[in-house]
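[1] Sequence and predicted structure below; questions after.
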Amino acid sequence: MKSIDETRDWQMACREKALSIAEMLITKQHDYGKANITDFGELGILVRSNDKIARLKNLSKNNTNPKNESKRDSWADLAGYSILALMLIDEEFDLPFTEFTTVDKVEELEEV
């Protein structure tokens, strides 16, 4: 079992997870480009999300160890798909994608 760091609190852990998902999304989006989302929009995100949910249900129901990505990775992907869907709904997905290192941008977000 993981030991608890007494200097951290729930809010800090939540913020760290959210920033980690943002960094993952930025890195993956750089590789994928926008068409993988804009070609099918929200429905495409629903299909991808359903694939992850089906995988997690199967692994949990059968108490199986994953042979590919971890269950944690699948949960992280689901969180990422949720952010992408929110960006589509809020009409932010087509904002310009600027080149920067993800660490620089995450540190900027942490200051907010």
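    Structure's in. What do you need?
[2] how many neighbours does residue 24 have?
    Each residue near residue 24 was counted by other Cβ atoms under 10 Å, and the total is 17. In short, each C-beta sits where N, CA and C put it, glycine included.
[3] Remind me what the host helix or strand of it packs against, helices and strands.
    Assigned by DSSP states H and E, residue 24 belongs to helix 10-32. Contacts defined by 3 or more Cβ pairs under 8 Å, 6 or more residues apart in numbering; DSSP states H and E place helix 10-32 against helix 71-89, helix 102-110.
[4] By mean pLDDT, show me the worst of the ones you listed.
    Among the helices and strands packed on helix 10-32, helix 102-110 carries the lowest mean pLDDT, a mean of 58.
[5] How about the helix holding residue 24, which residues are buried there?
    Buried residues in helix 10-32, counted by 16 or more other Cβ atoms under 10 Å: 19, 21-25, 29.
[6] can you check stretch 75-84 too?
    Within stretch 75-84, the residues scored as buried using 16+ other Cβ under 10 Å are 76-81, 83-84.
[7] Name the residues that touch it?
    With contact meaning Cβ atoms under 8 Å, 6 or more residues apart in numbering, stretch 75-84 is reached by 17, 20-22, 24-25, 28, 37, 45, 48-49, 52-53, 56, 93.
[8] Could you pull up the residues touching the residue lying closest to residue 65 once chain neighbours are set aside?
    In space, and not counting its chain neighbours, residue 65 is closest to residue 59: 7.9 Å by Cβ to Cβ, 6 or more residues apart in numbering. For residue 59, the contact set (Cβ under 8 Å, 6+ apart) comprises 65-66, 71.
[9] Please repeat the previous calculation with a cut-off of 10 Å.
    65-67, 70-71, 74 (Cβ atoms under 10 Å, 6 or more residues apart in numbering).
[10] Many thanks, I have nothing further to ask.
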